[in-house]
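S.K.: Okay, sequence plus prediction incoming.
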Amino acid sequence: MMSTLTEEQIRLIAQIAKEELGENATLERMREIVQQAVERLEREGPKSYGVEPTGRILAILLSQDGLKNSRVLSQALKDSGCKTTERFERNLAGFHVLLAVIDYSACQDDFETLRKKLSEAGNSAGVRVIVQSEETLKRGTSAANS
């Protein structure tokens, strides 16, 4: 089933799982978490759950080039009215990871259009882009803590 993700992307998921599990990171548990994450990403992709964001959006950009990530983000947000309010960049397991919090309140595009712009800009540059609304992230966090 792991056909659409690259080996590097799967390794990144494994690294994140290892860091999250900490001392509890057994090989069996890691395999289980990676398999679940990969299957969900391939099956569903980033989910918006049909909720139009009202406040902030989180964009995650992954590539091997930090400048490429910044260009993709700038290109996709150009003329949208959306502004990046916070940014975090780090090299992780051979990838450059850019996390950006985007203020959606003044955005002229609907969420799906903005998500599509980010995805298309990423595809043309070889950058993996994941976009989630604040509402979706909150829903996921409260479900995980239940």
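M.R.: It's in. Numbering: from 1, shown residues only.
S.K.: Leaving out chain neighbours, which residue sits closest to residue 59?
M.R.: Nearest-residue entry for residue 59: residue 100, 4.6 Å, with adjacent residues in sequence omitted and distances by C-beta to C-beta, 6 or more residues apart in numbering. From N, CA and C alone the C-beta is placed, and that goes for glycine too.
S.K.: Oops, could you answer that again for residue 65 instead?
M.R.: Per C-beta to C-beta, 6+ apart, closest to residue 65 is residue 96, 6.2 Å.
S.K.: now residue 109
M.R.: residue 80 (5.0 Å).
S.K.: Identify the spatial nearest neighbour of the spatially most central residue of the chain, chain neighbours not counted.
M.R.: Central residue of the chain (C-alpha atoms, centre = their mean): residue 130, 2.9 Å from the mean position. Spatial nearest neighbour of residue 130, excluding adjacent residues (C-beta to C-beta, 6+ apart): residue 60 at 4.3 Å.
S.K.: And for residue 117?
M.R.: residue 76 (4.4 Å).
S.K.: Now do the buried residues in the helix or strand hosting the one you found.
M.R.: Residue 76 is part of helix 66-77, with elements assigned from DSSP states H and E. Buried residues in helix 66-77, counting neighbours by 16 or more other C-beta atoms under 10 Å, are found at 66, 68-70, 72-73, 76-77.
S.K.: One more: stretch 8-27?
M.R.: 9-10, 12-17.
S.K.: do the same with stretch 25-41
M.R.: Applying 16+ other C-beta under 10 Å to stretch 25-41 flags 30, 33-34, 37-38, 41 as buried.
S.K.: Residue 8: which element?
M.R.: Counting by DSSP H and E, residue 8 is found in helix 7-21.
S.K.: ok, and what's touching that helix?
M.R.: Residues outside helix 7-21 that contact it (C-beta atoms under 8 Å, 6 or more residues apart in numbering): 2, 5, 25, 29-30, 33-34, 37-38, 62, 92-95, 128.
S.K.: Many thanks, we can stop here.
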